[in-house]
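> Give me coordinates for this.
(2 chains)
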Protein chains: 2
Amino acid sequence: MIVEVIAVGTELLLGQIVNSNTSTMGAALAEQGIDAHYQQTVGDNLSRIASAIRVALDRSDAVVMTGGIGPTQDDITREAVCEVTGRELVFSEAYADQLKEWWSRRGREMPQSNLRQAYYPEGAEIISNPRGTAPGLMLEHDGKLIFCVPGVPAEMEHLMLNEVVPRLVAASGNQQVIASRVIRTWGRPESEVAEILDDLYNSSVNPSLAFLASNSEIKVRVTAKAATAAEAQLLIEPMESEVVSRLGETVFGSDDETIEWVLLRLLSDRGYTIGTAESMTGGMVSARLTELPGSSAVVKGGLVAYDSELKQRLLGLADVTEVVTTDAALAMAKGARSLLDVDVAIAVTGSAGPEPLEKPVGTVIVGVATPADTRVRELRFNGDRERLRTYGTAAALHLTRLALIGKWWKE
Amino acid sequence: MIVEVIAVGTELLLGQIVNSNTSTMGAALAEQGIDAHYQQTVGDNLSRIASAIRVALDRSDAVVMTGGIGPTQDDITREAVCEVTGRELVFSEAYADQLKEWWSRRGREMPQSNLRQAYYPEGAEIISNPRGTAPGLMLEHDGKLIFCVPGVPAEMEHLMLNEVVPRLVAASGNQQVIASRVIRTWGRPESEVAEILDDLYNSSVNPSLAFLASNSEIKVRVTAKAATAAEAQLLIEPMESEVVSRLGETVFGSDDETIEWVLLRLLSDRGYTIGTAESMTGGMVSARLTELPGSSAVVKGGLVAYDSELKQRLLGLADVTEVVTTDAALAMAKGARSLLDVDVAIAVTGSAGPEPLEKPVGTVIVGVATPADTRVRELRFNGDRERLRTYGTAAALHLTRLALIGKWWKE
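Model (predicted):
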């Protein structure tokens, strides 16, 4: 079964928000071995939404639409589905009652505009949405399936995972399973990774290899197709071992193992607590360390010492005439270890721009203090302020991992 | 001129990365009044990329492709363009020399795989890419334009803004300009905003209104078409004033005015410095405050007091048996004001889940201490850990704005 996702919203075309829904939906489909060949985005325009649906029905077996079913007047996905399938919108008393109850449970009166959401294409199944007021919809047209889910990410995700994907799997009958493993690396450019794996890339069809640069990480994806998930895994495993052994310590994890997850596990295995002293990254390292549930067992806290006075008074830097130096990063790491009373401290200083601060824009200096030793590394990245802060944050986390496993980043 | 963007990459379909490029490209086109009706995403598959190009050429006047022109073997956008346009790939000695020079300036030897990037569809214009090794491409086919730019966001953005958009504007001749103003609000649900503006939405065609929920903000977009940008502005202004006056203090800014930008301006106008004391948000408030260039003039720093011991020792909380309380948030704000020696301090505590911490998951308590007074507010959000931390961060920034302008959020 080939499924096409259509995201509806002029704000997506105008770039006023980033379309994260299609990636969530793509991942949910891929996990179940459902193929997706195309995605489309279309604005809030009746005839163009209808035309996008026609293109999708022509080249895919099922269409999942996200967006355009909210309470406001520019939400016209329902109308477009009616146009393509030759149906009328009808009113569901039962759903209108559910809507009224949803609002009264929250102690508020229902805005009249919400009643728009009780209209649905005749013959469609209304799928309840526990996270919001726009219901999901499913209908069949000429042997193909059309689903509508809301555009609000949390609502879309709930309906996609719990309602849409199971119905698609059921409709698809038995089929090949696609499984993939993503091997995550940090510290080598993409072309170097590709060159190390060139012969594997060229000779292997199932599993196949793909490369992906994502922020400062390079990911290698190994994808296999087989009759069952277990058989696909058997195809993936030897290839994965070969890739990991060729790429060495630049491999830090696989699949959903983010660097913060890997780092928290390393710390927890050693019974260590961790804290941060951030200048250039302004709290981003600490924010990433606390992203995961359970991080409070390991992460004690951090100091954002954006101003030099705080570096001096709270972290004990003797000299703050220059703060983008390896000496400053070392002193910040040692100072944070003591101020926060933690086993491991990460310090980041640098020049994020747009104006250079002591060193050229793009300079990132990371200091790591552990019970064993204190290390420092100066790096240089290209990009704007946002990218430099993101890359600096990633570098801080990756260098801390290398310090903990007793390796250190090559020049 | 109607332009269609095609993003190429199996990783986009599989949801392994979020497609931020199409939104950047959409914004760049809209700013110049170039219409976009559709976007497509397609995997790294020759015949499907070719088919996506054909669909786009059929319904649009120009196609801009991003991705699939990197150095690795799965980068086949060039080949697909050749297939659709009936051209051959030819080798550019001149570009191969540029590539060698690019690597030698960085003191590294060029991986052989990089030479793939010196191949281009015969007759295409090669557009130099100062930020990377994959060049942009432009070619004409049956009176329509096809552009290729890299998928790496910084490289795509540079080529899009400096090379592609100017060529599209030139090719389009004179045409209507689309201008839009986004009015940003926080504190009312989307359906309430829509109801307040319902009559305007229904009666006004040019300018038109649209609503957009994005994280915890609700945005209202006013869009006008006219012969010139100035005339479009004249259409927008009275509508904007009416919308702003109806929505009152929930309006905090417009267009690119993020809450952190608005807040830094308010602080700077008053000559105040700011600092943070974060528990639940783990550094996210501080990271957002330091996102903007020049924030160091106002933001002194912050303490992430994830562990109660730090709340007690560094922020002076007398009692840490309960830390998700309005008393704790007030004490954290006061403690941070003193520890960091700042005029304004924001404190956030709460229960981000997945396990409840003292209060139900979704509880966010924000304390704000200013030279004038100290305020606290307990809020409740729905969602997973990531969403709760993001909403909590936004609430902290918005409540600080309201405290500074002498308003406070209604229940």
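
> so what's residue A:250 up against?
Counting by C-beta atoms under 8 Å, 6 or more residues apart in numbering or on different chains, residue A:250 makes contact with A:185-188. No exception for glycine: its C-beta is placed from N, CA and C like everyone else's.

> And chain B, is stretch A:47-55 touching that?
Yes - using C-beta under 8 Å from any C-beta of the partner chain, we find that stretch A:47-55 touches chain B at A:48, A:51-52, A:55.

> can I get the contacts of residue A:250 in CSV with distance to residue A:390, pLDDT and secondary structure?
Listed next are those as CSV, based on distance: C-beta to C-beta, whole Å; pLDDT from 0 to 100; DSSP: H, G, I helix; E, B strand; the rest coil:
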residue, distance to residue A:390, pLDDT, secondary structure
A:185, 17, 96, strand
A:186, 13, 95, strand
A:187, 16, 89, coil
A:188, 18, 87, coil
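
> which among the residues of stretch A:47-55 next to chain B gets closest to residue A:69?
Closest approach to residue A:69 among those (C-beta to C-beta): residue A:52, at 15.1 Å.

> contacting residues around the closest residue in space to that closest one that isn't next to it in sequence?
Sequence neighbours aside, residue A:42 is the residue nearest to residue A:52 in space, at 4.3 Å (criterion: C-beta to C-beta, 6 or more residues apart in numbering or on different chains). Applying C-beta under 8 Å, 6+ apart to residue A:42 gives the contacts A:6-8, A:13, A:48-49, A:51-52, B:37-39.

> For the stretch 151-300 of chain A, just list every one of the strands.
A:177-186, A:208-214, A:217-226, A:251-254, A:274-278, A:299-305 (DSSP state E, counting those that start in this stretch).

> Which neighbouring elements make contact with the second one?
Helices and strands touching strand A:208-214, by 3 or more C-beta pairs under 8 Å, 6 or more residues apart in numbering or on different chains; DSSP states H and E, are helix A:190-196, strand A:217-226, helix B:10-13.

> Can you say which of those is packed in most?
helix B:10-13 (a mean of 26; mean count of other C-beta atoms under 10 Å in any protein chain shown).

> Check what contacts that helix and list those residues.
By C-beta under 8 Å, 6+ apart, helix B:10-13 touches A:22-23, A:26, A:30, A:36-39, A:210, A:212, A:214, A:219, A:221, B:17, B:19, B:41-45, B:67, B:74.

> Quick one: distance of it to the chain centre.
Relative to its chain's centre, helix B:10-13 lies at 20 Å (C-alpha atoms, centre = their mean, to the nearest Å).

> so where's chain A shaky on pLDDT?
Applying pLDDT under 70 to chain A flags the ranges A:174-175, A:409-411.

> let's see it at 80
Within chain A, the segments meeting pLDDT under 80 span A:31-33, A:72-73, A:105-108, A:173-178, A:212-215, A:408-411.

> Can you give the domain ranges for it?
Listed by automatic domain parsing, the domain ranges of chain A are A:3-172, A:177-254, A:259-404.

> Go through the ones you listed and pick out the most buried.
Across those, the average number of neighbours (mean count of other C-beta under 10 Å) peaks for domain A:259-404, which reaches a mean of 22.

> quick one: residue A:399 is in a helix?
Yes - assessed with DSSP: H, G, I helix; E, B strand; the rest coil, residue A:399 lies in a helix.

> sorry, back to before: redo the strands of the stretch 151-300 of chain A as a markdown table? Include distance to residue B:372.
Shown next, in a markdown table, are these (distance: least, C-beta to C-beta, whole Å):
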| stretch | distance to residue B:372 |
| --- | --- |
| strand A:177-186 | 47 |
| strand A:208-214 | 45 |
| strand A:217-226 | 46 |
| strand A:251-254 | 48 |
| strand A:274-278 | 29 |
| strand A:299-305 | 24 |
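
> Determine which of those approaches residue A:233 most closely.
Comparing the strands of the stretch 151-300 of chain A by C-beta to C-beta, strand A:177-186 comes nearest, at 6.1 Å.

> Which phi and psi values does residue A:141 adopt?
phi -140, psi 120 (degrees, to the nearest 10).

> mind checking how far the residue nearest to it when sequence neighbours are not counted is from residue A:17?
Leaving aside its sequence neighbours, residue A:141 sits nearest to residue A:85 (C-beta to C-beta, 6+ apart; 4.5 Å). From residue A:85 across to residue A:17, the span is 29 Å (C-beta to C-beta, to the nearest Å).

> All the helices of the stretch 251-400 of chain A, residue numbers only.
Per DSSP state H, counting those that start in this stretch, the stretch 251-400 of chain A carries helices over the ranges A:259-270, A:284-289, A:308-315, A:326-340, A:385-404.

> and the angle from the third one to helix B:308-315?
Following axes from the mean of the first three to the mean of the last three C-alpha atoms, to 10 degrees, one obtains 120 degrees for the angle between helix A:308-315 and helix B:308-315.

> now swap in the longest one and tell me
With the same axes, to 10 degrees as the criterion, the two stretches helix A:385-404 and helix B:308-315 enclose an angle of 120 degrees.

> near chain B at all, helix A:385-404?
Yes - Helix A:385-404 reaches chain B (C-beta under 8 Å from any C-beta) through A:385-387, A:389.
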